[in-house]
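In: here is the input, now give the coordinates:
(one chain, ligands or ions: 1)
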Amino acid sequence: MSDIKYKRVLLKLSGEALAGDQGKGINPPEILKVAEEIKEVHDLGVQIAIVVGGGNMWRGEAGAEIGMERAQADYIGMLGTVMNALALQDSLESVGVPTRVQTAIEMRQVAEPYIRRKAIRHLEKGRIVIFAAGTGSPYFSTDTTAALRASELNAEVILMAKNGVDGIYNADPKVDPTAKKYTKLTHMDIINKGLRVMDTTASSLSMDNNITLVVFNMNNRGNIKKVVEGEEIGTTVEGK
Ligand code: UDP
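Out: Sure, this is the predicted structure:
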């Protein structure tokens, strides 16, 4: 474990990371690539918890914009994350990594309910725990879930894997070619500058609980391992 910077990490995977080029649905070959990368990190002896998003399936906000009740639309979103979690579990187990899925909305036939102490026990035993159904409450996001679970599990860092963006910029680098990348920021910087990294609930929770966040590009193979080994490839967010 000598080259490892972080021994217990919380990896946040957006739904898009599991969707391939179109950004929609579940793409098993794409998920397998992600699973292989996660396995490399797991093989180092790092304890890994994963929060999966659901934006490839459904976003509650979008449902509300077209007339649905927000809370109802959010529940659909949370159920979408469960589908993603099961797909990721399938891929991780196919490459030989033991996993457990825990859901914040009970569905005992497909996964364990979220139990903090049990999740910690799984991590200690070398199992990857995948958290699904977000916080279990509408009006929240899976980024907030990541900040919450990282706090509960005493994870040292949230690894926020982004699709095609290698950190936090002062403008969207896909739109503005003059956009500049930050290497270090505080959570307060993100809130004050209105940077679109995570929602403010997630940022303030991370700030209050002193959680380090590393934002990096998921698309370059080996990046998760690099971050865990302490290489500074993205943007690190810590402190107030
Ligand atoms: N969601 C929710 N409560 C939570 C987490 C998620 O209601 O605690 C819903 C919300 O509707 C959200 C959807 O699940 O739009 C998918 O999650 P998110 O948008 O965070 O996924 P990501 O952008 O990471 O793919």
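In: of all the residues in stretch 171-186, which ones are buried?
Out: Buried residues in stretch 171-186, counted by 16 or more other Cβ atoms under 10 Å: 173, 182, 185. Heads up, the C-betas are built off the backbone N, CA and C, glycines and all.
In: between those, which sits nearest the ligand?
Out: residue 173 (18.6 Å; Cβ to the nearest ligand atom).
In: which helix or strand contains that closest one?
Out: Per DSSP states H and E, residue 173 falls between elements, in no helix or strand.
In: same check, this time on residue 206
Out: Using DSSP H and E, residue 206 falls in helix 200-208.
In: for that helix, the averaged confidence score.
Out: Across helix 200-208, pLDDT averages out at 96.
In: that one: what's the following helix or strand?
Out: Per DSSP H and E, helix 200-208 leads on to strand 212-217 as the next helix or strand towards the C-terminus.
In: which other helices and strands contact that following strand?
Out: Using 3 or more Cβ pairs under 8 Å, 6 or more residues apart in numbering; DSSP states H and E, the elements in contact with strand 212-217 are strand 157-162, helix 223-228, strand 235-237.
In: mind checking how far the shortest one is from the chain centre?
Out: Computed by Cα atoms, centre = their mean, to the nearest Å, the chain-centroid distance of strand 235-237 equals 15 Å.
In: residues contacting the nearest residue to residue 106 once chain neighbours are set aside?
Out: In space, and not counting its chain neighbours, residue 106 is closest to residue 113: 4.8 Å by Cβ to Cβ, 6 or more residues apart in numbering. Under the criterion of Cβ atoms under 8 Å, 6 or more residues apart in numbering, the contact list for residue 113 reads 102, 103, 106.
In: could you list the buried residues of the helix holding residue 206?
Out: So helix 200-208, judged by 16+ other Cβ under 10 Å, has buried residues 201, 202, 203, 204, 205, 206, 207.
In: how about those in TSV, adding distance to residue 69?
Out: As requested, those are exported to TSV (distance: Cβ to Cβ, whole Å):
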residue	distance to residue 69
201	20
202	23
203	27
204	26
205	26
206	29
207	31
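In: columns distance to the ligand on top of these, output as CSV?
Out: CSV is the format used below for those (distance: Cβ to the nearest ligand atom, whole Å):
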residue, distance to the ligand
201, 10
202, 9
203, 14
204, 15
205, 12
206, 15
207, 19
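In: how about the CA coordinates for stretch 65-85, as CSV?
Out: In CSV, the C-alpha atoms belonging to stretch 65-85 read as follows (Å, rounded to 0.1, in the frame of the first residue of the first chain):
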residue,chain,number,x,y,z
GLU,A,65,-40.4,20.8,-16.5
ILE,A,66,-42.8,18.8,-18.6
GLY,A,67,-45.6,18.8,-16.0
MET,A,68,-44.9,16.0,-13.6
GLU,A,69,-44.9,16.5,-9.9
ARG,A,70,-41.3,17.0,-8.9
ALA,A,71,-41.2,14.5,-6.0
GLN,A,72,-42.8,11.8,-8.2
ALA,A,73,-40.3,12.5,-11.0
ASP,A,74,-37.4,12.3,-8.6
TYR,A,75,-38.5,8.8,-7.4
ILE,A,76,-38.4,7.7,-11.0
GLY,A,77,-34.8,9.1,-11.2
MET,A,78,-33.8,7.2,-8.0
LEU,A,79,-35.1,4.0,-9.5
GLY,A,80,-33.0,4.7,-12.6
THR,A,81,-29.9,4.7,-10.4
VAL,A,82,-30.8,1.2,-9.2
MET,A,83,-30.8,-0.1,-12.8
ASN,A,84,-27.3,1.4,-13.2
ALA,A,85,-26.1,-0.1,-10.0
